[in-house]
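J.: got a structure for you, letters missing:
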């Protein structure tokens, strides 16, 4: 049973519009969450993180929102650019971060020009 | 340049022939780990190491071995590969800490392994 779920395998968005990628988790002990981006033939690269003491973290065009009661987080990309086309993985860990992250299955984002 | 280097990038082998995938990082990170990526399953942790000579099993350790004799290196060993180990493998390293800035993982470029 997957502890971290990304229920949308793919998402297509027009350039300039907002991309919203969703992630749900089942383990209430998770308290640190990250998003990674992955291009073909490359390893995942860190994008943005949030700890459970916050409900929002922003970095440029990227914002992550955390709803602890719903065990849900989302990544907003505004405005979306063609270079954002990639697979996005949500990851979670417990114990204040640590490094034993549990990853979701990923969502493939396509930003159309 | 800070990086995690895996070798080889691509490998085709036959069932039962022992192989090693190397991983090296130049960031002096304490923590290193191996993941495999399979369609629909995301990245699943195979083994991890919190420091030299300290290793432990992740979620899917069966059929794999690791060693951590030096801080920078963390090889993944398949003693007797089987077709169900055909996958995309990633090595990662990070600082050992308690979340927030600095503990995100840095990944290698991946090793695509095919076992026939």
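T.: Yes, it's here. Keep in mind the model is a prediction, meaning the values are calculated, not measured.
J.: only C-alpha atoms from now on, for both contacts and neighbour counts.
T.: Fine.
J.: and residue 2, what does it touch?
T.: No chain specified, so I'll use chain A. Listed by Cα atoms under 8 Å, 6 or more residues apart in numbering or on different chains, the contact set of residue A:2 reads residue A:104.
J.: oops, I was thinking of chain B
T.: Residue B:2 makes contact with B:25-27 under the criterion Cα under 8 Å, 6+ apart.
J.: just the buried members of those?
T.: Among the contacts of residue B:2, those buried by neighbour count (16 or more other Cα atoms under 10 Å in any protein chain shown) are B:25, B:27.
J.: could you dump the contacts of residue B:2 to JSON lines with secondary structure and distance to chain A?
T.: Output for the contacts of residue B:2, formatted as JSON lines (DSSP: H, G, I helix; E, B strand; the rest coil; distance: Cα to the nearest Cα, whole Å):
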{"residue": "B:25", "secondary structure": "strand", "distance to chain A": "14"}
{"residue": "B:26", "secondary structure": "coil", "distance to chain A": "16"}
{"residue": "B:27", "secondary structure": "coil", "distance to chain A": "15"}
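J.: bridge partners for residue B:55, pull those for me.
T.: residue B:49 (DSSP bridges).
J.: I'd guessed it sits against residue B:46; true?
T.: No. Residue B:55 is beyond contact range of residue B:46, at 10.9 Å (criterion: Cα atoms under 8 Å).
J.: ok, now which ones touch residue A:93?
T.: Contacts of residue A:93 (Cα under 8 Å, 6+ apart): A:30-33, A:99-102.
J.: out of those, which comes closest to residue A:1?
T.: Of all the contacts of residue A:93, residue A:1 sits closest to residue A:102, with 12.0 Å by Cα to Cα.
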